[in-house]
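Output the structure for:
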Amino acid sequence: MILNYLKLIRLHQPVGIFLLLWPCLISLNMASLGIFNIGLTLLFIIGSILMRSAGCIINDLVDYDFDGKVERTKERPLVSGKISKRQAVILLIILLLLASSLLFFLNRLAILICLSSITLIILYPFCKRFTYWPQLILGITFNIGVLVAWANVRGGLDLPAILLYIGSVFWTLGYDTIYAYQDIKYDLELGIKSTAIKFGEKGKKYINSFYTIAATMFVFAGNIGGLGMHFNAMMIVPVILLFWQVRTIDIENPKNCGIRFKSNILIGGLIYLATILARLV
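Model prediction:
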């Protein structure tokens, strides 16, 4: 039973945790001017795990009627009957209560930003039913932690935080479009909308544009935030990896798309490392 609960919150597939966490830590480190704060770092690590886990349950509850008809998701614990809806809801409440307790460690502005995202968190799982841009809504919602981290350190939102947030939104829009190509066949059959369906065969061109905007915003944020030329040099590798995804992606091959999507863990880690090393050299 415990294993089924772990699968329900996808702890065996931690990609989402890292993709949620990296922008938070990048923002936290930039806002802190390179002064490492172990307490806040642990806070955002725990928060990312709890919120991503809760998000998985919400997604599975909302997509209950769809998941059983998609090859990639048909064995998930909820739709396969290994976990009941009641059990899933109880775990969801526990996770949300634990996540809410973390608000006591944030300042007023950071708490307000968190609370302002609740509507988006509730709305996102339903977006694929009425818009071809659920990946954009995910990006806007998924990266709120960038603003929370900055606000909690600085007590306000400066231009680098806004640029970093915009960059993170477009990064998410790019990699989640790649993710959506994995299920495009089933989504078309079920009437589910996505950017992958909207872009069709032109997906690589759009993903390239999204990554270009993301990389530009990250570099601008770093330079305005005082990281300078060393940060620019260190950004070369993650930028190359972003465009490696675009160049080598096969949108008709789900396995290929999955590998490209997962490579964003490394890219986020390299950007975070760049924000650290740029202040040390």
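
ok, now which ones touch Met30?
Trp150, Pro160, Leu164, Ala221, Gly222, Gly225, Leu227, Thr275 (CB atoms under 8 Å, 6 or more residues apart in numbering). For glycine as for every other residue, the C-beta is placed from the backbone atoms N, C-alpha and C.

Which two of those have the greatest separation?
Trp150 and Leu227 (14.4 Å; CB to CB).

Give me the mean pLDDT for the helix or strand hosting Val246.
Assigned by DSSP states H and E, Val246 belongs to helix 236-248. Average pLDDT, helix 236-248: 96.

tell me what it is packed against?
helix 159-180, helix 203-224, helix 254-262, helix 264-277 (3 or more CB pairs under 8 Å, 6 or more residues apart in numbering; DSSP states H and E).

Turn those into CSV, including mean neighbour count, distance to Tyr132 and mean pLDDT.
Listed next are the helices and strands packed on helix 236-248 as CSV, based on neighbours: other CB atoms under 10 Å; distance: least, CB to CB, whole Å; pLDDT from 0 to 100:
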stretch, mean neighbour count, distance to Tyr132, mean pLDDT
helix 159-180, 24, 10, 97
helix 203-224, 20, 12, 96
helix 254-262, 18, 18, 95
helix 264-277, 20, 22, 96
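
Could you dump those into a markdown table with distance to Leu61 added?
Compiled in a markdown table, the helices and strands packed on helix 236-248 are given as follows (distance: least, CB to CB, whole Å):
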| stretch | distance to Leu61 |
| --- | --- |
| helix 159-180 | 20 |
| helix 203-224 | 29 |
| helix 254-262 | 23 |
| helix 264-277 | 26 |
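
re earlier: who has more neighbours, Trp150 and Leu227?
Neighbours were counted for Trp150 and for Leu227 using other CB atoms under 10 Å; Trp150 has more, 28 against 25.
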